[in-house]
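Trainee: Next input, structure requested:
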Amino acid sequence: MTGTPDPADEFAEHRRLLFSIAYEILGSVADTEDVLHDSYLRWREVDPATVDNPRAYLARIVTRQALSVLRSAARRREEYIGPWLPEPLAAESPDGVEHVLTGEAVTTAMLLVLETLTPIQRAVFVLREVFAFSYAEIGAAVDKSEAAVRQVNQRARERVHAKRHTAVATPSEAQSVAERFSIAAATGDVQALMDVLAPDVVYIGDGGGVVNAVRRPVLGPDKVARLVVGLFQKGSRMGAIGVHTGVYNAMPSVAVTIDGVLDQVTSVEVTDGVVTAVYCVRNPEKLRGVRIPG
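Mentor: Residues are numbered from 1 along each chain as shown. Got it, this is the predicted structure:
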């Protein structure tokens, strides 16, 4: 005799997927965890006998919750001081369990592209292009017809494809370039750092108005190299500096600590053997729950 499935077990089985959906819609670990908590409470109230496909049903709940949060977050981001970057997401949680179904969709670069979409476009794109849900399943999640979902997805795809890079390096190539980047930055070698930066490299820093950070993107290898080296040198004057290499948002990254306290997470995007973008998160609110590698 088969008993009624335990709601907690069903939710746990799909948690990685649900976390991935919410994070890629929101770009915030804290908001994602809140969405999952609220979604689980809603899931517990559902009669299992009415659910044919728990995976699709749970994705629907999470998507609706995430869209609600995203709409309110959009208003907050309009008032955000300086550039906004997604919260750094480590490849694994402290217990060794992967947070997300990793891939290009979780990179900082892609999340910033997704920020240019409307909330509905973003949800539809994530559900269809990243997780291959059917148009019918997506329609149920966003309360639109299949035909409307197809149109929304087409517009989202066109916008995403027009903005994202196409020649991203392999993980091993990216890691090799990132190691040269971190060594040059930590040793204060401006020229060596410039050698691994693309002519059109961009640096984006996120301090949220809480700590010092550039409030506009910095362009060009000379300016970016001097800025990065300057941040490392300033950190070393404040205390014992630690440099920890790791992977955040599926990108090679460096977590910098000062006297054991996380000061920044810097991730690099590598294309054609050089760094094309540097993303530095220094906002303490976004670093609070970040795991330090090692």
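
Trainee: which secondary structure elements does the helix ranked longest in the chain contact?
Mentor: Counting by DSSP state H, the longest helix found in the chain is helix 54-78. Under the contact criterion of 3 or more Cβ pairs under 8 Å, 6 or more residues apart in numbering; DSSP states H and E, helix 54-78 touches helix 7-13, helix 15-26, helix 29-44, helix 119-125, helix 135-142. C-betas here are computed from N, CA, C, even on glycine.

Trainee: quick one: buried residues of that helix?
Mentor: Neighbour-count burial for helix 54-78 flags 54-67, 69-70, 73 (criterion: 16 or more other Cβ atoms under 10 Å).

Trainee: Equivalent analysis for stretch 107-120, please.
Mentor: Buried residues in stretch 107-120 (16+ other Cβ under 10 Å): 107-114, 117, 119-120.

Trainee: same question, stretch 23-37
Mentor: 23-29, 31-32, 34-36.

Trainee: what's the answer for stretch 11-21, then?
Mentor: Neighbour count says stretch 11-21 has 11, 14, 17-21 buried, by 16+ other Cβ under 10 Å.

Trainee: can I get those residues in JSON lines with distance to Pro171 and pLDDT?
Mentor: Below are the buried residues of stretch 11-21 laid out as JSON lines (distance: Cβ to Cβ, whole Å; pLDDT from 0 to 100):
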{"residue": "Phe11", "distance to Pro171": "31", "pLDDT": "95"}
{"residue": "His14", "distance to Pro171": "26", "pLDDT": "95"}
{"residue": "Leu17", "distance to Pro171": "22", "pLDDT": "94"}
{"residue": "Leu18", "distance to Pro171": "25", "pLDDT": "96"}
{"residue": "Phe19", "distance to Pro171": "22", "pLDDT": "94"}
{"residue": "Ser20", "distance to Pro171": "19", "pLDDT": "93"}
{"residue": "Ile21", "distance to Pro171": "23", "pLDDT": "96"}
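
Trainee: is it possible to export those to TSV including distance to Val275?
Mentor: Formatted as TSV, the buried residues of stretch 11-21 follow (distance: Cβ to Cβ, whole Å):
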residue	distance to Val275
Phe11	40
His14	36
Leu17	32
Leu18	33
Phe19	29
Ser20	26
Ile21	30
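
Trainee: which one among those gets closest to Gln175?
Mentor: Distances from Gln175 to these, taken as Cβ to Cβ, are shortest for Ser20 (22.6 Å).

Trainee: Surely that closest one touches Leu111?
Mentor: No. Using Cβ atoms under 8 Å, Ser20 is not in contact with Leu111; the gap is 12.0 Å.

Trainee: And for Arg159, the neighbour number?
Mentor: Arg159: 17 surrounding residues under other Cβ atoms under 10 Å.

Trainee: so how far is Thr245 from it?
Mentor: 33 Å (Cβ to Cβ, to the nearest Å).

Trainee: One more: Leu18?
Mentor: Distance of Leu18 to Thr245, computed by Cβ to Cβ: 29 Å.

Trainee: Domain map for the chain?
Mentor: Domains of the chain are assigned by automatic domain parsing as 7-163, 171-287.

Trainee: Could you dump the ones you listed into a markdown table and include distance to Pro293?
Mentor: Converted to a markdown table, the domains of the chain look like this (distance: least, Cβ to Cβ, whole Å):
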| stretch | distance to Pro293 |
| --- | --- |
| domain 7-163 | 8 |
| domain 171-287 | 3 |
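
Trainee: Thank you kindly, that will do.
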